[in-house]
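Engineer: I need the structure of the sequence given here:
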Amino acid sequence: MSATTLHNMVMPMLEGAQMTILLFLIAIIVSVPLGFVLTLAVKSGSKPVAGLAHAYIYIMRGTPLLLQLLVICFGLPMLPVVGEYLVLDRFTAACVGFILNYAAYFAEIFRGGLLAIDKGQYEASQVLGFSKWQTTTRIILPQMFRVVLPSVSNESITLIKDTALLYAVAVPELLHYAQTAVNRDFTIVPFFIAGVIYLIMTLLLTTLFKWLERRFKFE
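Structural biologist: Numbering: from 1, shown residues only. The predicted model follows:
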């Protein structure tokens, strides 16, 4: 394989990787706080709010992400009356789908983290005269963060790989350009290159979370 052919394969795929990274960043930045809000809703004293949050999490975790993407991209615009207002460009629709899906997973991770904190921590904060806000921000959240960090790391790695589903809704990301190169050059080499790029991205992400785990383990 000539250097020119290899260059023609790799450059478009790197361009597609930028789209992959952009989606990942948008999804992780929005879905993490949204997931925490869902956790608070589940633990709220309002039964209707908690019930709606539970139902949302169950639906989003119980149905395939690909199905959700297809509904948002192609199904919502077909709804009567309101459909014309729900037409989104493919990338925006994909971002919405990933955010809504992963928020449900992060909500369950955060809920598990809160359950892992000893109830004595709450009682001790009351004895020390901390307000509910101070207890949450100074005592509970830092401990929860340490507990959930490995799970958040695993879910983030899954997210970077799930971005390949953009291919199914015609968003030109890494896998799209790999498939284009395979069809054009009649070789499977682009698939291996795409695999290497995904491995590099997951390696960088894993390294980042390992560093965070080491840093917060001793603080």
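Engineer: can you point me to the longest helix in this protein?
Structural biologist: Across the chain, the longest stretch assigned as helix under DSSP state H is helix 3-42.
Engineer: Can you dump the C-alpha atoms of the next helix or strand after that helix in CSV for me?
Structural biologist: The element immediately downstream of helix 3-42 (helix or strand, assigned by DSSP states H and E) is helix 47-62. In CSV, the C-alpha atoms belonging to helix 47-62 read as follows (Å, rounded to 0.1, in the frame of the first residue of the first chain):
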residue,chain,number,x,y,z
LYS,A,47,-43.7,10.6,45.0
PRO,A,48,-44.8,11.9,41.6
VAL,A,49,-41.4,13.4,40.9
ALA,A,50,-39.6,10.2,42.1
GLY,A,51,-42.0,8.1,40.1
LEU,A,52,-41.4,10.0,36.9
ALA,A,53,-37.6,9.9,37.4
HIS,A,54,-37.8,6.1,38.0
ALA,A,55,-39.9,5.6,34.9
TYR,A,56,-37.5,7.7,32.8
ILE,A,57,-34.5,5.8,34.0
TYR,A,58,-36.2,2.5,33.4
ILE,A,59,-37.2,3.4,29.9
MET,A,60,-33.8,4.9,28.8
ARG,A,61,-31.9,2.0,30.3
GLY,A,62,-34.3,-0.7,29.2
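Engineer: For helix 47-62, which residues meet the burial criterion?
Structural biologist: Ala53, Tyr56, Ile57, Met60 (16 or more other C-beta atoms under 10 Å). To be clear about C-beta, it is placed using only N, CA and C from the backbone, and glycine gets the same treatment.
Engineer: any idea which of those residues is closest to Arg146?
Structural biologist: When the buried residues of helix 47-62 are compared for distance to Arg146, the smallest value, 23.1 Å, is given by Ile57; criterion: C-beta to C-beta.
Engineer: got the contact list for that closest one?
Structural biologist: If a contact means C-beta atoms under 8 Å, 6 or more residues apart in numbering, then Ile57 has Leu38, Val42, Ala104, Ala107, Glu108 as its contacts.
Engineer: Quick one: these as TSV, columns for distance to Pro64, neighbour count and pLDDT too.
Structural biologist: Formatted as TSV, the contacts of Ile57 follow (distance: C-beta to C-beta, whole Å; neighbours: other C-beta atoms under 10 Å; pLDDT from 0 to 100):
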residue	distance to Pro64	neighbour count	pLDDT
Leu38	20	24	95
Val42	23	20	90
Ala104	13	20	96
Ala107	18	27	95
Glu108	17	17	94
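Engineer: farthest pair in these?
Structural biologist: Every pair of those checked by C-beta to C-beta; the farthest is Val42 and Ala104, at 10.6 Å.
Engineer: Now name the helix or strand holding Phe91.
Structural biologist: Element membership of Phe91, judged by DSSP H and E, is helix 90-115.
Engineer: Between helix 47-62 and that helix, find me the angle.
Structural biologist: 120 degrees (axes from the mean of the first three to the mean of the last three C-alpha atoms, to 10 degrees).
Engineer: Counting by contacts, list what helix 90-115 packs against.
Structural biologist: helix 3-42, helix 47-62, helix 65-70, helix 141-162 (3 or more C-beta pairs under 8 Å, 6 or more residues apart in numbering; DSSP states H and E).
Engineer: how about it: buried residues?
Structural biologist: By neighbour count with 16+ other C-beta under 10 Å, helix 90-115 contains the buried residues 90-91, 93-111, 113-114.
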